[in-house]
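In: Turn this into a structure:
(one chain, ligands or ions: 1)
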Amino acid sequence: MPARIYNFSPGPATLPQEVLAQAARDIVNFQDKGIGLIELSHRSKEFMAVAQETEDLLRELMNIPDNYKVLFLQGGASSQFAMIPMNLLRQGRTATYLNTGTWSKKAVKEAKLFGDVDLAFDSSSTTFDCVPQDNNFHSADGSEYLYFVSNNTIYGTQFRNFPETGTNLICDMSSDILSRELDVSQFALIFAGAQKNMGPAGCAVVIIRDDLLAGCPDSVPTMFRYQTHADKGSMFNTPPCFAIYAIGLVLKWLRDQGGVAAIAELNCKKAALIYDMIDSTEFYRGHAQVSSRSTMNITFNLPSPELEAKFTGEATEQGLDGLKGHRSIGGIRASIYNAFPYEGVEKLVNFMKDFEKQNS
Ligand SMILES: *Cc1c(COP(=O)(O)O)cnc(C)c1O
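Out: Numbers count the residues shown, from 1 in each chain. This next block holds a predicted model:
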């Protein structure tokens with residue numbers, strides 16, 4: 001095999017190498033049963049045990065209280081943009097959204113199909129370079145829920161403190177779930193596509209407080225009701241078996257790293273290395289306002305688009321891949337999720353130093 005590259009891709013993203021190796025073995029021969037993992041019936045006792053273990057590990061690592069259901073659904077994070085208002089925004093009522101980037105904008109669009117949307121925060125006029133600093137949103141208390149995106153994958157901003165509100169708090173945690181400790185009981189619903197910080201593509205995890213299940217209008221089709229999936233332990237129909245299995249492996253890996261608290265500390269160290277580099281020079285300019293900076297996706301620009309193209313080209317040659325920024329802001333984006341190794345960050349920072357010397 002060629003040397004493994006450092007993969008800064010925003011998603012699907014890098015996974016621990018030992019997880020990949022284990023999955024490769026299990027796909028061919030699972031637990032020495034003479035059958036491959038992705039051939040197993042989802043109703044087999046082997047797969048049921050896999051799914052249960054994945055859920056148990058997530059509950060353990062995130063300290064999920066018993067009155068929350070954990071669902072493993074298909075349709076990616078984007079299906080949740082519609083499923084949330086479909087289930088939780090009653091006709092003629094209002095939901096509150098904080099518009100901090102592309103992903104919240106898409107969620108707002110779907111919510112408007114079902115009810116009224118109140119935008120309590122909007123950083124679109126400054127190219128989404130910040131999240132709110134004052135997190136008192138009790139103004140939203142009359143609305144059905146307050147929806148926000150904890151980490152804005154494209155713009156590189158992240159909530160340090162979560163919104164305070166008396167209404168149901170709903171969070172798209174696709175790109176920073178399991179990256180830091182939090183209190184699940186603050187939230188009514190948390191969801192995340194797996195392919196950033198938890199595993200491969202093909203599965204969205206939904207953590208929902210059980211009192212919310214019953215409120216779904218009768219007009220909502222069976223497959224789009226949270227209650228359906230909660231009642232059947234995510235096995236109403238064929239679940240994303242491989243993704244659920246692989247998430248389980250990633251969670252075991254995370255537990256072996258010392259769990260969320262330990263990885264959070266490492267995530268801060270990784271991010272600080274790059275931010276310190278950016279702050280030490282005029283050559284690199286961070287996109288996000290300092291107080292809104294993300295530990296997961298680090299966005300910055302160089303003096304010109306030509307230099308940015310040269311930067312990503314030369315980085316790729318050195319085994320630093322996936323650094324091109326999203327087309328909406330250009331520049332560079334280094335996505336350094338839980339599984340991204342510290343050495344890769346050091347290598348990037350050294351590359352940034354050399355590149356600046358040669359090009360400024
Ligand atoms: C990637 C991403 C999404 C979209 O995920 P899909 O699974 O592709 O639908 C939604 N929200 C955030 C914050 C993301 O980073």
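In: what residues go with each domain of this structure?
Out: 18-256, 258-359 (automatic domain parsing).
In: Which among these is found nearest to residue 3?
Out: Closest to residue 3 of the domains of the chain, according to Cβ to Cβ: domain 258-359, at 6.8 Å. In short, each C-beta sits where N, CA and C put it, glycine included.
In: and that closest one, anywhere near the ligand?
Out: No: using Cβ under 6 Å from any ligand atom, domain 258-359 stays clear of the ligand, coming no nearer than 8.4 Å.
In: picking up where we left off before, would you mind giving the domains of the chain as CSV with mean pLDDT and mean neighbour count added?
Out: Formatted as CSV, the domains of the chain follow (pLDDT from 0 to 100; neighbours: other Cβ atoms under 10 Å):
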stretch, mean pLDDT, mean neighbour count
domain 18-256, 97, 19
domain 258-359, 97, 18
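In: mind checking which of these is nearest residue 1?
Out: Going by Cβ to Cβ, the one of these nearest residue 1 is domain 18-256, 10.7 Å.
In: CA atoms of stretch 282-295 as PDB?
Out: Extracted in PDB, the C-alpha atoms of stretch 282-295 (Å, rounded to 0.1, in the frame of the first residue of the first chain):
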ATOM      1  CA  GLU A 282      -0.400  38.800   7.700                       C
ATOM      2  CA  PHE A 283       0.000  36.200   4.900                       C
ATOM      3  CA  TYR A 284      -2.800  34.000   6.100                       C
ATOM      4  CA  ARG A 285      -6.100  35.600   7.100                       C
ATOM      5  CA  GLY A 286      -8.700  33.600   9.100                       C
ATOM      6  CA  HIS A 287     -12.300  33.800   7.700                       C
ATOM      7  CA  ALA A 288     -14.100  33.400  11.000                       C
ATOM      8  CA  GLN A 289     -14.100  36.100  13.700                       C
ATOM      9  CA  VAL A 290     -11.800  35.000  16.500                       C
ATOM     10  CA  SER A 291     -14.500  34.500  19.100                       C
ATOM     11  CA  SER A 292     -16.500  32.300  16.700                       C
ATOM     12  CA  ARG A 293     -13.700  30.000  15.500                       C
ATOM     13  CA  SER A 294     -14.300  26.300  15.000                       C
ATOM     14  CA  THR A 295     -12.000  23.600  16.300                       C
END
